[in-house]
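**Q** model this:
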Amino acid sequence: MSFIQKIVNPTSIENKQLKLELKNLLNFTPKKINYYKKAFTHRSVQMIDKNGIPINYERLEFLGDSILGSVIAAYLFKKVPTGSEGYLTQMRSKVVSREHLNKLGKDLNLIRFVKSNIDEFNIGENIHGNIFEALIGAIYLDKGYNFCQKFIHSNVIVPYVDIKKMEGKITSYKGVIIEWCQKQKKKYKFETYEDSGNEPIKHFSVKIMIDGVQIAKGRATSKKKAEEQASKRVYYTFQNEISIG
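**A** Below you'll find the predicted structure:
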C-alpha cells in the first residue's frame, strides 16, 4: 500500500518528521502530535490505549464535523443576513457535503499520512472527507477553537466557498426529486434490489416510478449511489420543470 505512511513505534525522530510535514502542509506547527497521529489512524489497525480505548480517527471525525459545521454556520449567518433558516441550512449542507469534504481531503493529500490495514482499493472514497474532519478535530484539541476557526476560514471558506455558485449546486438528486414530487403532488417510488449478476462485487439497481410510470434506472455498488444515479437521470428528464435554489 504505497499510499499509506506507517506511523508505528512512535519515536522522537518520527514525531519530528510528521510535525515538519504537517507544518509544510498546514502552515503551522502542531504542538501535541498524538492528536494528529490518531486523526490518521484507521480502525482496521485495531490499536488501543492503556485503558483499552480504541485509537482511531472516528471520535475526532465526529468532533471535527461539529466544529466545521458551527464555523460554516456562523460564517453564512453573517455573510447572508437575508437568508432564511432553510436557505442557510441548505447552504451549510452543501459546504460540508461528503463530496465537498472528500475534495478537501484529496486536495491536501491527507491519505498519505493514514495508517490502515485495508487495501487502497477497498478503503472507500469517503476516507478523504473522514480524515479531513478528523484533522479539524485534532487542530481544535491542539490549538483551540479560535485558531481552528481561522484555519477553516483560510483553508475552506476562502478557497472553496462561493455562495453564488453553490446556490445552484445539487448535492442530492434524490432529495431534489422527492421535494419536486411532493410539491407537484406526484406519487413517487424507489424500487431497490440486488443486481450483482456474475460480478464478484455486490451491485444494486434502482427503478424510479413517478405516477406509476418508470422514469429511470440506476445501478451501482451501493443503494445510495444507485439511487443518486437514477435520480440524476430523472432530474435531467424533467430539468425544465424542476427549479432549485
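
**Q** Distance of residue 57 relative to residue 66?
**A** 14 Å (CB to CB, to the nearest Å). From N, CA and C alone the C-beta is placed, and that goes for glycine too.

**Q** who has more neighbours, these two?
**A** Each of residue 57 and residue 66 has its neighbours counted (other CB atoms under 10 Å); residue 57 has more, 26 against 14.

**Q** Which elements pack onto the helix or strand where residue 73 lies?
**A** Element membership of residue 73, judged by DSSP states H and E, is helix 58-79. Applying 3 or more CB pairs under 8 Å, 6 or more residues apart in numbering; DSSP states H and E, we find helix 58-79 packed against helix 33-39, helix 85-95, helix 127-143, helix 145-152.

**Q** The same query, at a cut-off of 7 Å, please.
**A** Using 3 or more CB pairs under 7 Å, 6 or more residues apart in numbering; DSSP states H and E as the contact test, the elements touching helix 58-79 are helix 85-95, helix 127-143, helix 145-152.

**Q** Next, the buried residues of the first one.
**A** Residues of helix 85-95 classed as buried under the neighbour-count rule (16 or more other CB atoms under 10 Å) are 88, 90-92, 94-95.

**Q** so what's the residue lying farthest from the centre of the chain scoring on pLDDT?
**A** Of all residues in the chain, residue 212 has its C-alpha farthest from the mean position, at 34.5 Å, by CA atoms, centre = their mean. Per-residue pLDDT puts residue 212 at 92.

**Q** can you pull the pLDDT of the residue nearest to it when sequence neighbours are not counted?
**A** Nearest residue to residue 212 in three dimensions, chain neighbours excluded: residue 187, at 7.1 Å (CB to CB, 6 or more residues apart in numbering). For residue 187, the pLDDT comes out at 93.

**Q** what's near enough to touch the most centrally placed residue in the chain?
**A** For the chain, the residue sitting closest to the mean C-alpha position, by CA atoms, centre = their mean, is residue 98 at 2.6 Å. Counting by CB atoms under 7 Å, 6 or more residues apart in numbering, residue 98 makes contact with 126, 129.

**Q** From the rest of the structure, what touches the helix holding residue 73?
**A** Counting by CB under 7 Å, 6+ apart, 38-39, 43, 83, 88, 91-92, 95-96, 130, 133-138, 140, 148-149, 152, 157, 163 sit against helix 58-79.

**Q** What is the one helix or strand residue 16 maps to packed up against?
**A** Assessed by DSSP H and E, residue 16 sits inside helix 12-26. In this structure, helix 12-26 packs against helix 33-39, with contacts taken as 3+ CB pairs under 7 Å, 6+ apart.

**Q** now the contacts of helix 58-79: which count as buried?
**A** Buried, going by 16+ other CB under 10 Å: 38-39, 88, 91-92, 95-96, 130, 133-138, 140, 148-149, 152, 157, out of the contacts of helix 58-79.

**Q** chain center to stretch 85-92, what's the gap?
**A** Centre-to-centre, stretch 85-92 and its host chain are 18 Å apart (CA atoms, centre = their mean, to the nearest Å).
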